[in-house]
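Visitor: Kindly return the folded structure for what I paste below:
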Amino acid sequence: MNFTEYQQKARATAKYPVIGHAVIYPTLGLANEAGEVAGKIKKIFRDKDGVIGEAEREALKSELGDVLWYIAQVCTELDISLDEVAEGNIAKLSDRQARGAIKGDGDNR
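Guide: Presented below is the predicted three-dimensional model:
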């Protein structure tokens, strides 16, 4: 599956309230789901000495899928394709790598 197909199929399942601007709800959902990923990683290190087994991997895959779904909805609400986001991100990172600026701080390095 490619990003365009995913974004279209994910949109067909999007049923959420519009609270103010339509981008608000999926943005809050994205933050929540990203927090769930972080929480699962934290608990792996707290409870399992950092060992990521198959059960943990599957749980993380599910949560990452939820993150992807919300990213797709935010993009759709902003009329941005996931392909544009992916291509722009790789271009930015490739430019930073070519300039030796992968490490460091700031958006415009």
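
Visitor: what's the weakest-modelled helix or strand in this protein?
Guide: Across the helices and strands of the chain, the lowest-confidence element by mean pLDDT, DSSP states H and E is helix 82-98, at a mean of 96.

Visitor: Against which helices or strands is that helix packed?
Guide: helix 3-11, helix 54-77 (3 or more CB pairs under 8 Å, 6 or more residues apart in numbering; DSSP states H and E). C-beta coordinates here come from the backbone N, C-alpha and C atoms, glycine included.

Visitor: For the first one, buried residues please.
Guide: Spelled out, that is helix 3-11. Neighbour counts over helix 3-11 (16 or more other CB atoms under 10 Å) mark 3, 7, 10 as buried.

Visitor: And the last one, by the same measure?
Guide: If you call a residue buried by 16+ other CB under 10 Å, then helix 54-77 has these buried ones: 56, 59-60, 63, 66-77.

Visitor: Could you pull up the mean pLDDT of that helix?
Guide: Mean pLDDT, computed over helix 54-77, is 98.

Visitor: roughly how far is it from the heart of the chain?
Guide: Put simply, helix 54-77 sits 7 Å off its chain's centre (CA atoms, centre = their mean, to the nearest Å).

Visitor: That one - contacts with which helices or strands?
Guide: helix 3-11, helix 24-47, helix 82-98.

Visitor: Next, the angle from the second one to helix 54-77.
Guide: To tie it back to what came earlier, the one meant is helix 24-47. 160 degrees (axes from the mean of the first three to the mean of the last three CA atoms, to 10 degrees).

Visitor: Other residues contacting helix 24-47?
Guide: 14, 16-19, 50-52, 56, 59-60, 63-64, 66-67, 69-71, 73-74, 77 (CB atoms under 8 Å, 6 or more residues apart in numbering).

Visitor: now for stretch 19-29, what's the gap between its first and last residues?
Guide: 13 Å (CA to CA, to the nearest Å).

Visitor: can you tell me which residues contact Ile90?
Guide: Ile90 neighbours (CB under 8 Å, 6+ apart): none.
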